[in-house]
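Asker: For reference, the sequence and a predicted model appear below.
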Amino acid sequence: MDNSLQSNEQPTIQDPHAKAGAKAGAKAGAKAGAKAGAKAVGADGPLVLQVLPALEMGGVERGTVQTAAALTGAGWRAMVASSGGLMTHELKRAGAEHVELPLAAKRPFRMLRNGDALAELINNRGVDLIHARSRAPAWSALSAARRTATPFVTTFHNAYGHNRWKHHYNAVMAKGDKVIAISDFVAEHAREVYGVPDDRLVTIHRGIDPDLFDPAKVSAERIIQAARPWRLDDDRPVIMLPGRLTRWKGQAVLIDALAILGRQDICCVLVGGDQGRTAYRTELEEQARSKGMGEVVRVVDHCSDMAAAYMLADVVVSASTHPEGFGRVAVEAQAMGRPVIATDHGGARETVWPNESGWLVPPGDAEALAAALERALSLSQTERETIAANGRDNVLQNFTVSLMCDRILAVYKSLLD
């Protein structure tokens, strides 16, 4: 996801809304001619252009590729503009086209140039709708959309910080003809802080692939492969906290909770690469030793097969101290039939069925987390099976990729109709 502009890069970004009216008719006519020419040699379906900084691994990038695949599967045409990255090949496998532009740039001049490039792309290729998924590219996309009279969609991925400068920078995500929020929590933020009216605002939760995260489809060999580098003992219950090593993910709160729990017959695995944050990793390991949990807590690198990793866990924890816009870990774990403990704020309030598929605890409250861990570890087999069934039902009813994509395409259709 993109970060805010650096302090020495604080331009006044002009809102292109004001310039659109006088030129809209001429631009619409020019665009219609280009669109007709493009469709004469291409597919018949509408062409949707998604823009984001890059196609590296992450939730925003994954959602972009999934939407592109849904578009091509529905007979539409899909195009993504970004600076490229690891997921470009997945995009092409989905039948979508990638256009490389330096959309990760936040310098004002570069953003203006990107707006020109996107407007040219819209006109030359007959783009029917543009969807911005990140703030810096959204400014360029907004300019291009208004100049070419193209429907413009944005996605709010989180509750952004909103001091005076950041509020102006973030406000572009509120300027879509339709504004998608990834949870009701984020929708309320967009409504209250950025004034997005209800007729332009829609909540579409993120989705996961229930075939990928399906305990019935994870082989014993995959589970063994995931467990091998972690040196897990078969007879010790496993507590797992997946998430990159950054302070707000709450790893330190979990270690404090384990110290309160006081059990040495368990194993806690903190799954996530340090991404160069070696000091924080060392701090966590020292905290575990000082709390008497040195033999309990293990900090391990990112796992490429999280479906298999979840199968190793007796309980999965999401201890974020700041509210997450959605919170993918809790949803993935429920799909795998694992009891979950998440913090009672942000998107987690919408993704966990309290006392049915897991538990919600106050953020930063190690004692409450310890009590929830004790409850989860003491489940009977029947209780565990009930929670597993509830969690998977919750995901299948509310948080699948197909549901997410169907709802996004419905938003596109509403604008194109």
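Answerer: Now that the structure is in, tell me what you want to look at. Numbering: from 1, shown residues only.
Asker: From now on I want contacts and neighbour counts done on CA atoms only, so please keep to that.
Answerer: Noted.
Asker: CA atoms only: put the helix or strand where Trp139 lies into CSV for me.
Answerer: Trp139 belongs to helix 135-148 when assigned by DSSP states H and E. The C-alpha trace of helix 135-148 is given here as CSV (Å, rounded to 0.1, in the frame of the first residue of the first chain):
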residue,chain,number,x,y,z
ARG,A,135,-4.0,7.1,-3.3
ALA,A,136,-1.1,8.3,-5.5
PRO,A,137,-2.4,6.6,-8.6
ALA,A,138,-5.9,7.7,-7.8
TRP,A,139,-4.9,11.4,-8.2
SER,A,140,-3.6,10.6,-11.7
ALA,A,141,-6.6,8.4,-12.5
LEU,A,142,-9.0,11.1,-11.3
SER,A,143,-7.5,13.6,-13.7
ALA,A,144,-7.6,11.2,-16.6
ALA,A,145,-11.2,10.1,-15.8
ARG,A,146,-12.5,13.6,-15.7
ARG,A,147,-10.7,14.7,-18.9
THR,A,148,-12.1,11.7,-20.8
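Asker: Now do that helix: distance to the chain's middle.
Answerer: 22 Å (CA atoms, centre = their mean, to the nearest Å).
Asker: List the strands paired with the helix or strand following it, with their directions.
Answerer: Under the assignment DSSP H and E, the closest C-terminal helix or strand after helix 135-148 is strand 152-156. Applying DSSP bridges, strand 152-156 is found paired with strand 129-132 (parallel), strand 178-181 (parallel).
Asker: how much does strand 152-156 deviate in direction from helix 135-148?
Answerer: 160 degrees (axes from the mean of the first three to the mean of the last three CA atoms, to 10 degrees).
Asker: Can you give me the neighbour number for Gly75?
Answerer: By other CA atoms under 10 Å, the residues close to Gly75 number 13.
Asker: same check, this time on Pro197
Answerer: Look at Pro197: counted by other CA under 10 Å, it has 14 neighbours.
Asker: Is it possible to get TSV of the strands paired with strand 152-156 that adds mean neighbour count and distance to Ala370?
Answerer: What follows is the strands paired with strand 152-156, written out as TSV (neighbours: other CA atoms under 10 Å; distance: least, CA to CA, whole Å):
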stretch	mean neighbour count	distance to Ala370
strand 129-132	26	41
strand 178-181	27	32
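Asker: Rebuild those strands as TSV, extending it with mean pLDDT.
Answerer: As requested, the strands paired with strand 152-156 are arranged in TSV below (pLDDT from 0 to 100):
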stretch	mean pLDDT
strand 129-132	98
strand 178-181	98
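Asker: Adding distance to Thr386 as columns, could you present the ones you listed in JSON lines?
Answerer: Below are these laid out as JSON lines (distance: least, CA to CA, whole Å):
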{"stretch": "strand 129-132", "distance to Thr386": "40"}
{"stretch": "strand 178-181", "distance to Thr386": "31"}
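Asker: Mind checking the ones you listed for the one nearest to Met336?
Answerer: strand 178-181 (25.5 Å; CA to CA).
Asker: CA-only coordinates of the strand or helix carrying Thr72 in CSV, if you can.
Answerer: Assessed by DSSP H and E, Thr72 sits inside helix 59-73. Output in CSV follows, covering the C-alpha atoms of helix 59-73 (Å, rounded to 0.1, in the frame of the first residue of the first chain):
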residue,chain,number,x,y,z
GLY,A,59,-4.0,-7.8,-0.2
VAL,A,60,-4.6,-4.9,-2.6
GLU,A,61,-2.6,-6.6,-5.3
ARG,A,62,-4.4,-9.9,-4.8
GLY,A,63,-7.8,-8.3,-5.0
THR,A,64,-6.8,-6.5,-8.2
VAL,A,65,-5.8,-9.8,-9.9
GLN,A,66,-8.9,-11.6,-8.6
THR,A,67,-11.1,-8.8,-10.0
ALA,A,68,-9.3,-8.9,-13.3
ALA,A,69,-9.9,-12.7,-13.5
ALA,A,70,-13.6,-12.2,-12.7
LEU,A,71,-13.8,-9.6,-15.5
THR,A,72,-12.3,-11.9,-18.1
GLY,A,73,-14.4,-14.8,-16.9
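Asker: Would you mind giving me the confidence score for the residue nearest the centre of the chain?
Answerer: Residue closest to the mean C-alpha point of the chain, counted by CA atoms, centre = their mean, is Gly59 at 3.2 Å. pLDDT recorded at Gly59 is 85.
Asker: Please determine how far it is located from Asp344.
Answerer: Computed as CA to CA, to the nearest Å, the Gly59 to Asp344 distance reads 21 Å.
Asker: With Arg125 instead?
Answerer: 46 Å.
Asker: and if you look at Arg107?
Answerer: The value you get for Arg107 to Asp344, if CA to CA is used, is 37 Å.
Asker: Who has more neighbours out of the two?
Answerer: With neighbours defined as other CA under 10 Å, Arg107 and Asp344 compare such that Asp344 has more, 20 against 15.
Asker: give me every residue that touches the more buried one.
Answerer: Neighbouring residues of Asp344 by CA atoms under 8 Å, 6 or more residues apart in numbering: Leu360, Val361, Pro362, Pro363.
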